[in-house]
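Undergrad: Fold the following for me, if possible:
(4 chains)
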Protein chains: 2
Amino acid sequence: MSWRKEQRRAERGYHHGNLKEALLQAALGLIAEKGAAGFTFADAARMAGVSAAAPYRHFRDRDELLSSIAQRGFEQFESRLTAAWDDGRPDTVTAFERVGRAYLAFAREEPAFYNAMFESGLPVDSNPALQAASERAFNVIRAAAERLAALAPPGTPRPPAMMMALHIWSMAHGVASLFSRGDAARRKLPMSPDELLEAEVLIYLRGLGFPTDRRPQAKGAEPPPVPPEASSGSGVPPGGPWGKPK
Amino acid sequence: MSWRKEQRRAERGYHHGNLKEALLQAALGLIAEKGAAGFTFADAARMAGVSAAAPYRHFRDRDELLSSIAQRGFEQFESRLTAAWDDGRPDTVTAFERVGRAYLAFAREEPAFYNAMFESGLPVDSNPALQAASERAFNVIRAAAERLAALAPPGTPRPPAMMMALHIWSMAHGVASLFSRGDAARRKLPMSPDELLEAEVLIYLRGLGFPTDRRPQAKGAEPPPVPPEASSGSGVPPGGPWGKPK
DNA sequence: GGCTCATGTAAAGGTCGTTCACATGAGCTG
DNA sequence: CAGCTCATGTGAACGACCTTTACATGAGCC
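TA: Residues are numbered from 1 along each chain as shown, chains lettered A, B, ... in the order given. Take a look at the predicted model:
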């Protein structure tokens, strides 16, 4: 028991050398396992092979570690959303949906980050850096919505991009937290979370009058604002953005 | 200090008489104050004026108390959604939106319940009774979606009611958890959460081809499936389901 | 009146978060 | 290279919490 500890210490010397990073990694693993609520400062220290007091040399308290993780999460989140958006290629609607899927993919593949970011209950405004990182991530969605709004079919009023961005965000977050997380809140679904969100976004965009096929738009040459009544021939599956109706 | 305790005990005798209920109420208050994560079994006991061990006569552990609260929350949730739906009066779309607003109102007015139900991190399937209560609440939305789906404009494929229900749920939950809760995750918004959700649902329904005005429908006499290109004259605010575009 | 058992208490063990005085040693300074 | 300094880690200690255990109380029933 204490033998292990001495062993550990012998291997790495009195000073760890990279404790801050080790703690972040350990915490990330623990949060992925047991959720942000179940994660423990002492456990992270143990996992890094240091005493329970050592972490306080690198983080004011447990919340600051959590907040650091959340911030890092928002940064990775932003970069993944940016990559998914790919500046709107090959066409705005396709890229937009890809952003939605990237949102879900992040929630699924990085449960620890997602948990720290959205479900750990720490106030967004506790840390200015955290707030800024969160804002930057949201701005990717906002910018994409901006581009999309600019494509609004002529003749219809242009939807506010900010509103669209908030709508999309709420859809993605709703699907992610209700249906797309590993441990909790899993319900039996008739379709995958990805399909669910994709259909939701497509229907929403159609409600705004957007053509929801996937053909790349030539600039300034959008298809006419014809409602997709029978959208045969478009990229939308026949029958609409959902599977076969019963 | 110990004087108070004796005083308390003198007032109520050795046996509390209604401890289980008192603990539930105390926990509810504490969760509303500090969130499910910050709520403490010992605190609830203190608040009820009993020793820290007493609660274990009524709940296996802290999680069971939390789970009881979540279950009670789902029951109240169901009853409020049911009332809001009002069996689809005066017309399906209006009633449907009222359900959405009721969802947000519940999240806002009963933060403790909402927290225990959706943000406490307890597994839904831990308690069969909890799971059942959750299912019953969701079924209100599901039934409403069923009715709505039956009104799908003829000529368009009928959307699966289950999918619609999941979509609406995810929207409401997304808006509620991102924007409509007191302490955490509050962002600056160009509109209220209620307006945000209402617009989101209206646009979504329009995307499904539903007429989104509010006139009561005569049975079997739905308006034609005309797309709301310029929806002047309908109950939808001019310019669509959002405020004035800039 | 006396028994029984649900309901309460006190005490104790284990874990955590956090602080404090002290130990260690890496890196600079001369 | 000797010596100093200061960031970094240790161990002990405090109070709070969760949970269990042995014991106390008294309400309801015979």
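Undergrad: Let me see the domain layout of chain A.
TA: By the assignment in automatic domain parsing, chain A contains the domains A:1-59, A:60-213.
Undergrad: Roughly how far does A:G155 sit from DNA strand C?
TA: Distance, A:G155 to DNA strand C, using Cβ to the nearest atom of the strand, to the nearest Å: 58 Å. Just so you know, the C-beta spots here come from the backbone N, C-alpha and C atoms, and that holds for glycine as well.
Undergrad: Same question for A:R101.
TA: Where DNA strand C is concerned, A:R101 sits at a distance of 35 Å (Cβ to the nearest atom of the strand).
Undergrad: Same question for A:R136.
TA: 28 Å.
Undergrad: Which element, helix or strand, includes A:A27?
TA: Here A:A27, judged by DSSP states H and E, is contained in helix A:19-38.
Undergrad: likewise A:W169?
TA: helix A:161-179.
Undergrad: For chain B, tell me whether the helix or strand that that helix is followed by is touching it.
TA: The helix or strand immediately downstream of helix A:161-179 is helix A:193-207, counting by DSSP H and E. Yes - Helix A:193-207 is in contact with chain B by Cβ under 8 Å from any Cβ of the partner chain, via A:L196, A:L197, A:A199, A:E200, A:L202, A:I203, A:Y204, A:L205, A:R206, A:G207.
Undergrad: What are the contacting residues of stretch A:109-122?
TA: With Cβ atoms under 8 Å, 6 or more residues apart in numbering or on different chains as the test, stretch A:109-122 has contacts from A:28-29, A:31-32, A:35-37, A:63, A:66-67, A:69-70, A:72-74, A:76-77, A:106-107, A:134, A:173, A:176-177, A:181-182, B:35, B:37, B:119, B:121, B:177, B:184-185.
Undergrad: Generate a PyMOL selection restricted to the buried entries among these.
TA: In PyMOL, a selection of the buried entries from the contacts of stretch A:109-122 looks like this (16 or more other Cβ atoms under 10 Å in any protein chain shown):
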select buried, (chain A and resi 28+31+32+35+36+37+66+67+69+70+72+73+74+77+106+107+134+173+176+177+181) or (chain B and resi 35+37+119+121+177+184+185)
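Undergrad: If we check DNA strand C, which of the contacts of stretch A:109-122 are in contact?
TA: Contacts with DNA strand C within those, as defined by Cβ under 7 Å from any atom of the strand: A:D63.
Undergrad: got CSV for the domains of chain A, with mean pLDDT too?
TA: Shown next, in CSV, are these (pLDDT from 0 to 100):
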stretch, mean pLDDT
domain A:1-59, 85
domain A:60-213, 91
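Undergrad: Pick the most buried one from those.
TA: domain A:60-213 (a mean of 20; mean count of other Cβ atoms under 10 Å in any protein chain shown).
Undergrad: Quick check: residues of chain A near DNA strand D?
TA: Counting by Cβ under 7 Å from any atom of the strand, chain A sits next to DNA strand D at A:5, A:9, A:14-17, A:19, A:50-54, A:57-58.
Undergrad: now those as TSV including secondary structure?
TA: Shown next, in TSV, are these (DSSP: H, G, I helix; E, B strand; the rest coil):
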residue	secondary structure
A:K5	helix
A:R9	helix
A:Y14	coil
A:H15	coil
A:H16	coil
A:G17	coil
A:L19	helix
A:V50	coil
A:S51	coil
A:A52	coil
A:A53	coil
A:A54	helix
A:R57	helix
A:H58	coil
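Undergrad: got JSON lines for the residues of helix A:193-207 next to chain B, with distance to A:A143 too?
TA: Shown next, in JSON lines, are the residues of helix A:193-207 next to chain B (distance: Cβ to Cβ, whole Å):
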{"residue": "A:L196", "distance to A:A143": "25"}
{"residue": "A:L197", "distance to A:A143": "20"}
{"residue": "A:A199", "distance to A:A143": "24"}
{"residue": "A:E200", "distance to A:A143": "21"}
{"residue": "A:L202", "distance to A:A143": "20"}
{"residue": "A:I203", "distance to A:A143": "23"}
{"residue": "A:Y204", "distance to A:A143": "18"}
{"residue": "A:L205", "distance to A:A143": "17"}
{"residue": "A:R206", "distance to A:A143": "22"}
{"residue": "A:G207", "distance to A:A143": "22"}
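Undergrad: Closest to A:L148 out of those?
TA: A:L205 (7.7 Å; Cβ to Cβ).
Undergrad: what's the angle between the helix holding A:W169 and helix B:193-207?
TA: Between helix A:161-179 and helix B:193-207, the angle comes out at 90 degrees (axes from the mean of the first three to the mean of the last three Cα atoms, to 10 degrees).
Undergrad: got the CA coordinates for helix A:161-179 in PDB?
TA: Extracted C-alpha coordinates of helix A:161-179, given in PDB (Å, rounded to 0.1, in the frame of the first residue of the first chain):
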ATOM      1  CA  ALA A 161     -29.500  34.700 -38.000                       C
ATOM      2  CA  MET A 162     -29.100  34.900 -34.200                       C
ATOM      3  CA  MET A 163     -32.400  33.300 -33.700                       C
ATOM      4  CA  MET A 164     -31.600  30.500 -36.200                       C
ATOM      5  CA  ALA A 165     -28.400  29.900 -34.400                       C
ATOM      6  CA  LEU A 166     -30.100  29.600 -31.100                       C
ATOM      7  CA  HIS A 167     -32.700  27.300 -32.500                       C
ATOM      8  CA  ILE A 168     -30.100  25.000 -34.000                       C
ATOM      9  CA  TRP A 169     -28.100  25.000 -30.800                       C
ATOM     10  CA  SER A 170     -31.100  24.100 -28.700                       C
ATOM     11  CA  MET A 171     -32.000  21.300 -31.000                       C
ATOM     12  CA  ALA A 172     -28.600  19.800 -31.000                       C
ATOM     13  CA  HIS A 173     -28.200  20.300 -27.300                       C
ATOM     14  CA  GLY A 174     -31.700  18.800 -26.600                       C
ATOM     15  CA  VAL A 175     -31.000  15.700 -28.700                       C
ATOM     16  CA  ALA A 176     -27.600  15.300 -27.300                       C
ATOM     17  CA  SER A 177     -28.600  15.500 -23.700                       C
ATOM     18  CA  LEU A 178     -31.700  13.600 -23.900                       C
ATOM     19  CA  PHE A 179     -30.800  10.800 -26.300                       C
END
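Undergrad: for it, packing partners?
TA: Applying 3 or more Cβ pairs under 8 Å, 6 or more residues apart in numbering or on different chains; DSSP states H and E, one finds that helix A:161-179 makes contact with helix A:92-109, helix A:128-150, helix A:193-207, helix B:161-179, helix B:193-207.
Undergrad: one more time with 6 Å, if that's ok
TA: Helices and strands touching helix A:161-179, as assessed by 3 or more Cβ pairs under 6 Å, 6 or more residues apart in numbering or on different chains; DSSP states H and E, comprise helix A:92-109, helix A:128-150, helix A:193-207, helix B:161-179.
Undergrad: How about residues contacting the second one?
TA: Going back to what we said before, that points to helix A:128-150. A:67, A:70-71, A:74-75, A:77-78, A:81-82, A:85, A:88, A:92, A:96, A:99, A:124-125, A:158-159, A:161, A:164-165, A:169 (Cβ atoms under 6 Å, 6 or more residues apart in numbering or on different chains).
Undergrad: which parts of chain A sit against DNA strand C?
TA: For chain A, the contact set with DNA strand C under Cβ under 7 Å from any atom of the strand comprises A:13-15, A:40-43, A:52-53, A:56, A:61-63.
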